[in-house]
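Undergrad: Predicted coordinates and the sequence they were generated for:
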Amino acid sequence: MTPIDPRRTALLTIDLQNDFLHPKGAYGRAGQTAEAIAALPARIAPIADGLRAKGGTYISAQFTLVPGPDGAPLIAPHLKALRPFLGKGDFAPGAWGHALIDTLAPADYIIEKVAYSAFYQTRLEYILRAVGIDTLIVGGIVTNGGVASTLRDAHLRNIETVMLTDGCGAFRQDVHKATLISLGTVTHQMTCAEALSAIEATS
């Protein structure tokens, strides 16, 4: 991998939102939590700070459930079957639950996404081209879902990526580890500490 140019690099976090991580969020209320996921914001925050200090950008991609006329969210059938506890107000644009977790807020740009990939039917690619970004450092949740889909879509667009191996997480550690192996030919991989060192080493 060529050295990171912070001015052409963005940290992209996937789904690090109150409704996923906060105890009072949609997943927390339903008892759907994992220590590996809860630890991510504090581990990633120094990268956001370090990259910005060198002229880089922080983008937060946030899962969104679009409310219908009666307030009930539009939910894909597979997600409704998997997460039957999701309902009115959860992951709604502008709501507290939809917001980026406080440890990382604010981001420079917010991307609303309705599917796994942060590229699918979003303005992410437009922002990257407009700002002159060609490298993404990616972390968030879940490793095998939004993170993996976004990394693969970036690869198809010839966007250089670094996957934060301990800056993303899944509800099962074996699934997380298997995904790291499967993405080994798609993206560069670094720990959060390694990525921060690479950023700090730039002039």
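TA: Good, I have the coordinates.
Undergrad: Name the SS class of the nearest residue to T191 once chain neighbours are set aside, please.
TA: Spatial nearest neighbour of T191, excluding adjacent residues (CB to CB, 6 or more residues apart in numbering): D166 at 5.1 Å. For every residue, glycine as well, the C-beta is placed using N, CA and C. Three-state assignment for D166 (DSSP: H, G, I helix; E, B strand; the rest coil): strand.
Undergrad: Hmm, E194 and D166 touching each other?
TA: No. Between D166 and E194 there is no contact under CB atoms under 8 Å: 9.5 Å.
Undergrad: the more surrounded of those two?
TA: Neighbours per residue (other CB atoms under 10 Å) separate D166 from E194, with D166 holding more: 19 against 14.
Undergrad: OK, contacts around the more buried one?
TA: R43, T191, C192 (CB atoms under 8 Å, 6 or more residues apart in numbering).
Undergrad: Name the helix or strand for E194, please.
TA: Using DSSP states H and E, E194 falls within helix 192-200.
Undergrad: Could you pull out the buried residues of that helix?
TA: Of all the residues in helix 192-200, those buried under the rule 16 or more other CB atoms under 10 Å are C192, A195, L196, A198, I199.
Undergrad: Distance check, the residue in the chain sticking out farthest from the centre against Q189.
TA: Residue farthest from the centre of the chain, counting by CA atoms, centre = their mean, is D70 at 29.2 Å. Counting by CB to CB, to the nearest Å, the separation of D70 from Q189 is 44 Å.
Undergrad: What of L65?
TA: 31 Å.
Undergrad: next one: R83
TA: Look at R83 and Q189: by CB to CB, they are 29 Å apart.
Undergrad: Same check on N18?
TA: The gap separating N18 from Q189 is 28 Å, by CB to CB.
Undergrad: Compare these two (neighbour count), which wins?
TA: Using other CB under 10 Å, the more surrounded residue of N18 and Q189 is N18, with 23 against 17.
Undergrad: Tell me who's in contact with that one.
TA: K24, G25, W96, G97, H98, A99, L100, I101.
Undergrad: Drop the exposed ones from the residues you listed and show what's left.
TA: If we count by 16+ other CB under 10 Å, the contacts of N18 have these buried: G25, G97, H98, A99, L100, I101.
Undergrad: Of these, which is the nearest to V131?
TA: Lowest distance from V131 to the buried ones among the contacts of N18 (CB to CB) belongs to L100, with 18.6 Å.
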